[in-house]
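K.L.:
Sequence and predicted structure are below.
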Amino acid sequence: MFMFIVRRVLQAIPVLFMVALVTFIMIRSAPGGPFDEDRAVPPEVIKNLNERYHLDDPLWKQFLDYISKVVQGDLGPSFKYPSHTVNDLIAAGLPATLELSFYALVFALVTGLTAGIIASLKTNSMQDYIPMSAAMIGICMPTFVLGPILLLIFGVWLGWLPVAGWGQIPGDKILPSITLGSVYAAYIARISRGGMLDILSQDYIRTARAKGLSTTRIVFVHALRGGITPVISFLGPAIAGLLAGSFVVETIFQIPGLGRFYVTAAFNRDYTMILGCTIFFAFLIILFNLLADVMLVWLNPKLRQELEARG
Amino acid sequence: MYMIRWITYCIIVAGLLSGCGKSQKLVDIGNEKQILHMANGDEISDLDPQATTGMPEWRVQLAVFEGLVARDPQTLKIVPAVAERWDVSEDGTKYRFYIRESAKWSNGDEITANDFVQSWRRSFLPALGNQYATSLYVVKNAQAFHEGKIDFTEVGVKAVEKRILDVELIAPTPYFLQLLAHHSAFAVHIPTIERFGAIDERGTKWTRPENFVGNGPFVPYEWIPTKYIAVKRNPYYWDAANTKLNEIKFYPIPKYTVEERMFRAGQLHITYYLPRDKLEYYKAKNDGVLRSFQNFATYFYRFNTTIKPLDDLRVRKALAYSVNRQQIVEYVTKFGQKPAYALTAPDPNSYVPEAKMPYDPDLARKLLAEAGFPDGKGFPKLTIAFNTNDEHRNVGMAIQQMWKKELGIEVGLENVEWKVFLDRERQLDYEIDRASWVGDYLDPFTFLEMFTTGNGNNKTGFTNAKYDQLIRASSLEADQVKRMGYFQEADKILVDEVPILPLYTYHWNRLVSNSVKNWYDNAVDYYSFKQIYLE
Amino acid sequence: MSEVTHIPELANLEKGRSLTQDALARLRKNRMAMLGLYFLIGLIVIALLTPWIAPYSYEEQNLELGASPPSAQHWLGTDILGRDQLTRIMYGSRISLAVGFIATAVALTIGVLWGAIAGFVGGRVDALMMRIVDALYALPFTIFIILLTVVFGSSLLLLFLAIGAVEWLTMARIVRGQVLAIKKQEYVEAAISMGLSPWRIISRHLIPNVLGPVIVYTTLTIPSVILLESFLSFLGLGIQPPASSWGSLISSGVEVMEEYVWLLFFPGVVLTLTLFSLNFLGDGLRDALDPRASKD
């Protein structure tokens, strides 16, 4: 197990390098530069700015300089927000984004698993249809529609919850977390229902049923472990999606998170910011995928044996 | 089992929700403590007045800096600020400013004439890359210094005494004092800047709240990117006794629908803008929160005059004459805009362009036929490019239909990402594109200078010797009546030659809570934060 | 509709004719699935016939009319430029369905093959293939699609490819996970020990068994593809005007939902019904194709 983790971590290094390279090539081939503005900037001023940020060096040199700094943990200055470094901005935006994603994930897991398991116990009944229809609505409602609707109902009309902000007014974290989490709750509900159904039709569960074990015992002791395996393989990408999807929620709820910086950085051609965020997000995604895999292996003894056999 | 669990779950959620009860209103707390919560469009890039260009930055700078002169937000007249008075020579080229004795930096240092000399010097240093450096080219030898040709001692700005500043201009510039009220002419605290890096180094940490030294009525104390920048009262400000607010929080809220909701929920005193579809609602409500005012800005289309068939004046005229602007402002943009028939935005207090581009579909059809495209036959498919925005899209679609209906020609629409758009525009790699111009100061020059030959903002390929001559003459002329005459002629040339298709004069709508007093909206977005108070 | 046409063939491979007929019979009995199927068929027919049956032209404006609620002339109301919304939704369905089905087909093909091979072969090949998936996962695709549309301009083809390229990853992972689990089952181990060729094992035992999760995930992929397109519209990078997709209609409708609610409501309802139908059909197919489920 330990070797498995070490190997995966080592494998992550070339992956991160490739991510940086591909991103670098893409942003530098996009037309327009960080200093282009509506009001024409005199060419000599642009020249001065390019010199200041070494954008006049050959591209390969810029990339190597950048990478050598990244290795030392320095993601460079932001072009758009010159008094802040990319490290500063990530540090400023990350807590809100992580917190938001975490609450959203908790919400998604709690509601999704509950609904999925309940539905799987009695298929083609109201107990199945209601949670699954709710899940479907969750899936087909884009966050940029769900967010404003929740805001209108609970924020503006009922006045129960604040309509924007993060940690400024009590209760302002509830609506964004639900908005971001609902899509994943819906996915988890469907996937866990599918996974549970597969397991529940296996012979050993039938045997357990035949022995007269209670439903609760069957679900929690025997079926759950196998049934949620697909949910766990889904978690890695789900977390990646949560981090990326936080952009919309951060915009709608006016949350000072990283997602907003990230997407606007692409539009601003804030090269260092895009690269820095991409590498950082890639790092997080690799980390969470690794965690999901570790859990998957841990839950499936046969896989674990195979891994251990391989060393 | 499931029903019970489901119901329990619902009860828990309902309990959580109701537990929060009615949420607190920031606006009410703000009113009590004199804290103004205002939306500020986008996140500010920096506070350095010599390294920024945007509107959101400008508004924060107005709170934390002050120029030699300021504006009265109601009348937009120039009023004393750091300079308590000034003299102007008869020919209008020499100014002498007397800096008030009580003027201080926010760390208690005195403000001297030399601070302005050094600050202006900084603004011309090449490495700083100040995008607005050219606006002070009216100062003698400033351009030569900026281009690195001469020493700063030859530039026409001198500290004669500790508190007396002399400025010499290359030509009488009637709007010079207006330039001084702009952030690019503000003074910065040189010792603070040098403490965090070289004088011409961009983006050092001196603008961070913990390091910042300014001279405005407020100083920043907290800056959390994408959350807010908060400023508090500056005790060293010369007019601190008359400054009423304790704090201002500027929130970067890029989406207008978001800020409107926040306003309704009592989380903001002032919004930046207003979603278009909300105008009718607030008009009908008529409770005094809607502020509606004209901007010193024009929305227009550029024609690329260097390509076929747009190099043919008849074609440009045909396109321009068949656009019904009244319909556009009335049914498409619906935000109180006025149709524009010439480039310069009307200034109700002085200059209103007399030349008018006609709306005449019959003439347009005739001209198009003369150009070789009767009923639009054989007309190549042109494309209108616009940057991503619902309003630009709607205007484009309306014009697309008008040309199809009146002239029988098909044009395409292309939604282009902003930076790509700018890049293409600069390389004249477009056919027709959407543009706008916001005047920097109240003088037609700020608009008309744009279409002189070789100007970086021309971007149409338009060149006209007579036009260039008129604009040059206007900047050497001290007599205002004569100058305005030149401008009328220049506007007329643009109307006759049609390098652009003016569409409308911008109109701004925003919401200002009734508890905000002494807030005046105006055409150039100038605010005097020290006067404002909450009730 | 790739999955509908493919699945009977696969089932054929495994069980022969009568079981396929069994499955179809089971599907026919599932009322929700059949409703969904009929709705989708109806929708596809309407989408195909739109140019001939649409009540108005999709770009025809009536500026004086502006945004008007549903009426006798305009059943679903008009948008801000006075264009008939029914017409625009009909044209939008052509684009949204095309994006949904084509991009999903791209994702499905790559994902299933990739995941099945990786999971079945295992060992180094599996490690390598999954590391490639990981590497691609680690790319924040939102930004990549933004950059792609910025660099190449937004076109339908790019949307298909970009979205398809994003969505196959999860599919590959799910398939691999299922394959790994099933590989350990006795009957597969038995088949391996009997020396059956890998291809036979994949096609006879693995693919039919991972079909359930794949169908479920496909029914989730089509909606998420349609939603991804709408997210791009939300960013202003979707389809070029005056054309529209459901996504672009919804994202502009949500901005004005308090004033002109019909501009959000109708495209939203059509989208929801479509996604519901896909879902019920997918569930129905799953139950119909899984012989074990029928014995319960």
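P.N.:
Yep, that arrived.
K.L.:
so how far is B:Phe145 from the closest residue to chain B within the stretch 151-296 of chain C?
P.N.:
Here the stretch 151-296 of chain C gets closest to chain B at one residue, C:Gly236, 3.4 Å apart by C-beta to the nearest C-beta. All C-beta atoms are positioned from the backbone trio N, CA, C, and that covers glycine. C:Gly236 sits 43 Å away from B:Phe145, going by C-beta to C-beta, to the nearest Å.
K.L.:
hang on, the earlier thing: B:Trp418 is in contact with the residue of the stretch 151-296 of chain C closest to chain B, correct?
P.N.:
No: the pair C:Gly236 and B:Trp418 does not pass the contact test of C-beta atoms under 8 Å, sitting 9.7 Å apart.
K.L.:
Spatially, what comes nearest to A:Leu152 if we skip its sequence neighbours?
P.N.:
C:Glu258 (7.0 Å; C-beta to C-beta, 6 or more residues apart in numbering or on different chains).
K.L.:
which ones are touching the spatially closest residue to C:Arg83 that is not a sequence neighbour?
P.N.:
Leaving aside its sequence neighbours, C:Arg83 sits nearest to C:Gln61 (C-beta to C-beta, 6+ apart; 5.7 Å). Contacts for C:Gln61 were tallied using C-beta atoms under 8 Å, 6 or more residues apart in numbering or on different chains; they are B:397-398, B:401, C:81-83.
K.L.:
Unless I misread the structure, C:Gln61 falls within a strand.
P.N.:
No: going by DSSP: H, G, I helix; E, B strand; the rest coil, the assignment for C:Gln61 is coil, not a strand.
K.L.:
Neighbours of C:Val166, how many?
P.N.:
Neighbours of C:Val166 under the rule other C-beta atoms under 10 Å in any protein chain shown: 21.
K.L.:
for the residue most central in space within chain C, helix, strand, or coil?
P.N.:
Nearest residue to the geometric centre of chain C (C-alpha atoms, centre = their mean): C:Ile222, 1.6 Å. Here C:Ile222 is recorded as helix under three-state DSSP.
K.L.:
Was I right to think it contacts C:Leu278?
P.N.:
Yes: between C:Ile222 and C:Leu278 there is a contact under C-beta under 8 Å: 5.3 Å.
K.L.:
shared neighbours of those two, anything?
P.N.:
By C-beta under 8 Å, 6+ apart, C:Ile222 and C:Leu278 have no common neighbours.
K.L.:
tell me which residues in the helix or strand B:Leu494 falls within are buried?
P.N.:
Using DSSP states H and E, B:Leu494 sits in helix B:480-497. Neighbour counts using 16 or more other C-beta atoms under 10 Å in any protein chain shown place B:483-484, B:486-495, B:497 of helix B:480-497 among the buried residues.
K.L.:
Could you tell me which strand of chain B is the longest one?
P.N.:
If you go by DSSP state E, chain B has its longest strand at strand B:290-303.
K.L.:
Can you spell out which helices and strands pack onto the following helix or strand past it?
P.N.:
Downstream of strand B:290-303, the next assigned helix or strand under DSSP H and E is helix B:313-321. Where contact means 3 or more C-beta pairs under 8 Å, 6 or more residues apart in numbering or on different chains; DSSP states H and E, helix B:313-321 is packed against helix B:361-370, helix B:390-407, strand B:500-511.
K.L.:
does any bit of the longest one sit next to chain A?
P.N.:
By that I understand helix B:390-407. No: counting by C-beta under 8 Å from any C-beta of the partner chain, chain A has no neighbours in helix B:390-407; the shortest distance is 12.9 Å.
K.L.:
I'd assumed B:Trp418 was in contact with C:Ile237.
P.N.:
If you look again at residue C:237, you'll see it is Leu, not Ile. No: in this structure, C:Leu237 is not within contact of B:Trp418 by C-beta under 8 Å, at 11.6 Å.
K.L.:
Report pLDDT for the residue of the stretch 151-296 of chain C closest to chain B.
P.N.:
Note for C:Gly236: predicted pLDDT of 72.
K.L.:
what's the nearest residue to it once chain neighbours are set aside in contact with, if anything?
P.N.:
Leaving aside its sequence neighbours, C:Gly236 sits nearest to B:Thr388 (C-beta to C-beta, 6+ apart; 3.4 Å). For B:Thr388, the contact set (C-beta under 8 Å, 6+ apart) comprises B:415-418, C:235-237.
K.L.:
B:Thr388 and B:Phe335: what is the separation?
P.N.:
Between B:Thr388 and B:Phe335 the computed distance is 19 Å (C-beta to C-beta).
K.L.:
do A:Gly194 as well
P.N.:
In this view, A:Gly194 and B:Phe335 are 50 Å apart by C-beta to C-beta.
K.L.:
For B:Leu62, see how far away the residue in the stretch 201-350 of chain B positioned nearest to chain A is.
P.N.:
Taking C-beta to the nearest C-beta, chain A has its nearest neighbour within the stretch 201-350 of chain B at B:Gly203, 2.6 Å off. Counting by C-beta to C-beta, the separation of B:Gly203 from B:Leu62 is 21 Å.
K.L.:
When these two are compared, which one has more neighbours?
P.N.:
Between B:Gly203 and B:Leu62, B:Leu62 has the larger neighbour count (other C-beta under 10 Å), namely 26 against 21.
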